[in-house]
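Enquirer: I'll drop the sequence and a predicted model, then ask my questions.
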Amino acid sequence: MRSLFTASLALASLSFAAEEKVPVDPATGMKIAPDWEIVRNHCIVCHSPATFLRQRATEANWTATLEWMQKYGGLWKLDPEVQKTIIKYLATNYGPGDATNYRRAPIPATLMPLNPYATEARLEVEKKKKEGLIPAAPPTGK
Ligand code: HEC
């Protein structure tokens, strides 16, 4: 009960702290953001939370990871609503973010070799580039 109270306090403070420091659960290291307990309950049964906390991925890539685990890792079939909730938490709190997430500026896509493991997200970017919706190189400086 007490931890519920603490969690709801933390969530309440989140709504106006917005992008500022998100409180972290001391036991798992997970960000205490909406629905974090649903993710905890499903995702630390087989491996340490570090397995996913150190990853950064788009919604498409988180979906692919979950489906891969369901196929090869023994992860059970999730209720579609639960799966959506889990992926939303992961993509929101452990998404690729912006350029400040990198230790250096990303290498312009034009200088990268063809990706033999092209994901859905990558294919979408390639398509948008062809349509001229994304510049070939990222803008430089500020
Ligand atoms: C039934 C067991 C099980 C559950 C539950 C489970 N996983 Fe996994 N997961 C695995 C296995 C097995 C691996 C592969 C471990 C390895 O290769 O050493 C793995 C690996 C991973 C990886 C690493 C993938 C990579 O690219 O290296 C991530 C990320 C991950 N799991 C996230 C999650 C998330 C998020 C959840 C909650 C929906 C979850 N796991 C729940 C079994 C599970």
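Expert: Yes, it's here.

Enquirer: C-alpha only now, for contacts and for neighbours.
Expert: Fine.

Enquirer: can you tell me how far Ile44 sits from Glu67?
Expert: Note on Ile44: its distance to Glu67, by CA to CA, to the nearest Å, is 16 Å.

Enquirer: how about the residue nearest to Thr119 when sequence neighbours are not counted, what does it touch?
Expert: Nearest residue to Thr119 in three dimensions, chain neighbours excluded: Asn61, at 7.6 Å (CA to CA, 6 or more residues apart in numbering). Neighbouring residues of Asn61 by CA atoms under 8 Å, 6 or more residues apart in numbering: Thr119, Glu120, Ala121.

Enquirer: any idea which element Asn61 lies in?
Expert: helix 59-68 (DSSP states H and E).

Enquirer: What residues of that helix count as buried?
Expert: Glu59, Asn61, Trp62, Thr63, Leu66 (16 or more other CA atoms under 10 Å).

Enquirer: what sits against Thr28?
Expert: With contact taken as CA under 8 Å, 6+ apart, Thr28 is in contact with Pro49.

Enquirer: Need the phi and psi values for Val24.
Expert: Here is the backbone geometry of Val24 (degrees, to the nearest 10): phi -120, psi 140.

Enquirer: Okay, and the beta partners of it?
Expert: Counting by DSSP bridges, Val24 forms beta bridges with Lys31.

Enquirer: Next one: it from Leu53, what distance?
Expert: For Val24, the distance to Leu53 equals 11 Å [CA to CA].
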